[in-house]
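Asker: Just the structure for this:
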Amino acid sequence: MLTLSFDELLRYTNGERDKWRGWLVAHPPAMDAPVQPGGRLPTVGKLVDHIFLVERRHLQRLTGEPVSESTGLTGNNVQPLFDYAASVRRELDQFLAGLDDDVAQEERTFVVASGSATMTPRKLLFHILLHETRHWAQVALAVRLAGFEPPGEHDLFFSRAMR
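Answerer: Residues are numbered from 1 along each chain as shown. Purely as a prediction, here's the structure:
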C-alpha cells in the first residue's frame, strides 16, 4: 500500500509557509485582502493568524496545556505572525521527537469549541497540517480576487517534500 508520511506532509507545509512568508513580505497590502467580510476571519491576515493559532491550540491539547484564546497579534503584520508560526512549529517538532508510536495511536478525547472529539494524537497531528493546507488555498483565492498574483506552484505535484 502507498503511504504519505507525516514527515513528508510536514515538509510540504513548511515549504508552503516559506513561500507565503516571502510573498506576503513583498506584498504587505495583501494581508488586508478580504476573505469573509463581516465574518470571523475578514481578511487574509486574520485567516493566516487563524492557521497558526489552530496549530498552537491543537498542540496544547496534545500536551495537556491550557488552550490559548489568541496569538496576541493583530493579523496585520507579516513578520511577527510568521515568527509566531515558526515558534509553534519548533514546539511541534519537539513534541514529535518525543512522541512514542504507541501513544500516537491511543484514542483520547479532546475538548474543542463544538464540544469534544475522540481521536488519536496521530489523527489530530494530520488534521493540523491538512487544516493549514486547506486555508492556504483560501488565501491564494482571496489574494487573486483582490488583484494580486499569488506565488505559484502550490500543489504537492511541484513540491520537493517527497519524491
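Asker: ok, which stretches of this protein are helices?
Answerer: Taking DSSP state H to define them, one finds helices in the chain at 6-26, 44-63, 78-97, 101-104, 121-145.
Asker: give the contact list for residue 108.
Answerer: With contacts defined as Cβ atoms under 8 Å, 6 or more residues apart in numbering, residue 108 is in contact with 118-121. Heads up, the C-betas are built off the backbone N, CA and C, glycines and all.
Asker: Please name the bridge partners of it.
Answerer: Each beta-bridge partner of residue 108 is listed here, defined by DSSP bridges: residue 119.
Asker: quick one: it from residue 116, how far?
Answerer: 10 Å (Cβ to Cβ, to the nearest Å).
Asker: What of residue 27?
Answerer: Between residue 27 and residue 116 the computed distance is 40 Å (Cβ to Cβ).
Asker: The two: which is more packed in?
Answerer: Under the criterion of other Cβ atoms under 10 Å, the comparison of residue 27 against residue 116 puts residue 27 first, with 18 against 8.
Asker: ok so, going back, between the contacts of residue 108, which is nearest residue 19?
Answerer: residue 121 (27.9 Å; Cβ to Cβ).
Asker: Surely the closest one and residue 107 touch.
Answerer: No: the pair residue 121 and residue 107 fails to qualify as a contact (Cβ atoms under 8 Å) at a distance of 9.1 Å.
Asker: So if I had to pick from these two, which one is more boxed in?
Answerer: Set side by side, residue 121 and residue 107 show more neighbours around residue 121, with 22 against 9, by other Cβ under 10 Å.
Asker: Contact partners for residue 95?
Answerer: With the criterion set at Cβ under 8 Å, 6+ apart, residue 95 makes contact with 59, 62-63.
Asker: any chance of those residues in CSV, with distance to residue 89, pLDDT and neighbour count too?
Answerer: Putting those into CSV (distance: Cβ to Cβ, whole Å; pLDDT from 0 to 100; neighbours: other Cβ atoms under 10 Å) gives the following:
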residue, distance to residue 89, pLDDT, neighbour count
59, 9, 98, 22
62, 14, 97, 19
63, 14, 97, 11
